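Asker: With the sequence up front, the predicted model follows.
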Amino acid sequence: MYNSKIIGLGKYLPDNVVTNADLEKIMETSDAWIQERTGIQERRHIAKDSDDSTSSMGVKASKIAIERAGLLPQDIDLILFATLSPDYYFPGSGVLVQEALEIPDCPAMDIRMQCSGFVYAVATADQFIKTGMYKNVLVIGSEYHSGGLDMTTRGRNISVIFGDGAGAVVMTRAENNEVGVLNSQLHSEGKYAKELSLIGPNTGRWVPEIMEANDPDDISYYPYMNGQFVFKNAVVRFSEVILAGLQKAGWKPEDIDMLIPHQANLRISQFVQKKFGLSDAQVYNNIQRYGNTTAASIPIALTEAWEQGKIKEGSKVVLAAFGSGFTWGSVSIQW
């Protein structure tokens, strides 16, 4: 059995910055209201005249990660693409990355686990590498939210939160079994599926039915979130899954060099930080600048923390996420 480790990281954010002041111009909201509830000051949205897409952002982040890993695209054995906003209903965005990177016949798999998607993808890559089936795995988290949000006062509770972007890592075999991914913890609870969801259109109620009904109050094709309920569950599950990973790794909270939480809400991250008694230097947050980029939030934050020298050889790193499903998970990494 091999261990897996991360050897290359990359990120991509659209150039178009949307501030809270910009949102004040198109809906009834305020900078103070948004920051108080979420901590977000600005986010990135793909500009209307841009060619960016979920897959193309993933490609841009991947090229950086592959180069930093010292590999060529043709060295990649498997692509795992985490997203809830794929380019198409089908096929998945992973095959579009395979084509763009010109990796002949490389298997590609989309992972639809929403905010927990990147953690699930890293855990999946780890298992493929552990068994020896694949050596070099490209793991991507990418989201294009802005094109599917209700950017009116009606949708403000959701639309002020989300941003666009992508992050990617290259994982490979570790020569030393004491480094790399030490454990992964994955969970789900489907009875709360509708508390954070986008229901339609779906094949049970397709576009013709929606158009025929012509219901101005039908918002089933926009994201829905029971905010307070999600928050209460998130802080509990985040804490549980981080603790489980620490215990499995034989670590204590004070051993953590860097916690990278999914950037769902700054208040959730602060709650978890306080619960574990972590300093600001032990937790990386960038939701203030990018909003919630769902499956992309952890790889973007992980890449930034590494670029800033906050993660280096010997660092004890914890990735943790909670999101729609409900799903939640953590990965403990000895860098």
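Answerer: Nice, I can see it.

Asker: and Ile161, what pLDDT?
Answerer: Per-residue confidence (pLDDT) for Ile161: 97.

Asker: Thought Thr294 was touching it, still the case?
Answerer: No. Using CB atoms under 8 Å as the test, Ile161 is too far from Thr294 to be in contact (9.9 Å). C-beta: built from backbone N, CA, C; applies to glycine.

Asker: Looking only at neighbour counts, state which of the two leads.
Answerer: The residue with more neighbours, out of Ile161 and Thr294, is Thr294; 32 against 24, by other CB atoms under 10 Å.

Asker: quick one: contacts for the more buried one?
Answerer: For Thr294, the contacting residues are 83-85, 114-115, 117, 141, 143, 145, 162, 323, by CB atoms under 8 Å, 6 or more residues apart in numbering.

Asker: let's see 6 Å
Answerer: Residues in contact with Thr294 (CB atoms under 6 Å, 6 or more residues apart in numbering) are 84, 115, 143.

Asker: Could you do Asp164 as well?
Answerer: Asp164 touches 14, 44-46, 144-146, counting by CB under 6 Å, 6+ apart.

Asker: Likewise for Asn177?
Answerer: When contacts are counted by CB under 6 Å, 6+ apart, Asn177 touches Asn3.

Asker: Tell me which entries of the contacts of Thr294 lie within helices.
Answerer: If you go by DSSP state H, those have nothing in helices.

Asker: So which of those residues wins on neighbours?
Answerer: Most surrounded of the contacts of Thr294: other CB under 10 Å gives Cys115, at 31 neighbours.

Asker: Hmm, that residue is touching Pro261, no?
Answerer: No. If you go by CB atoms under 6 Å, Cys115 and Pro261 don't touch, sitting 10.4 Å apart.

Asker: rewinding a little: could I get the contacts of Thr294 in JSON lines, plus columns for distance to Tyr290 and pLDDT?
Answerer: Output for the contacts of Thr294, formatted as JSON lines (distance: CB to CB, whole Å; pLDDT from 0 to 100):
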{"residue": "Leu84", "distance to Tyr290": "16", "pLDDT": "97"}
{"residue": "Cys115", "distance to Tyr290": "14", "pLDDT": "97"}
{"residue": "Glu143", "distance to Tyr290": "11", "pLDDT": "98"}
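
Asker: Any chance of JSON lines for these, columns distance to Met57?
Answerer: What follows is the contacts of Thr294, written out as JSON lines (distance: CB to CB, whole Å):
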{"residue": "Leu84", "distance to Met57": "14"}
{"residue": "Cys115", "distance to Met57": "17"}
{"residue": "Glu143", "distance to Met57": "8"}
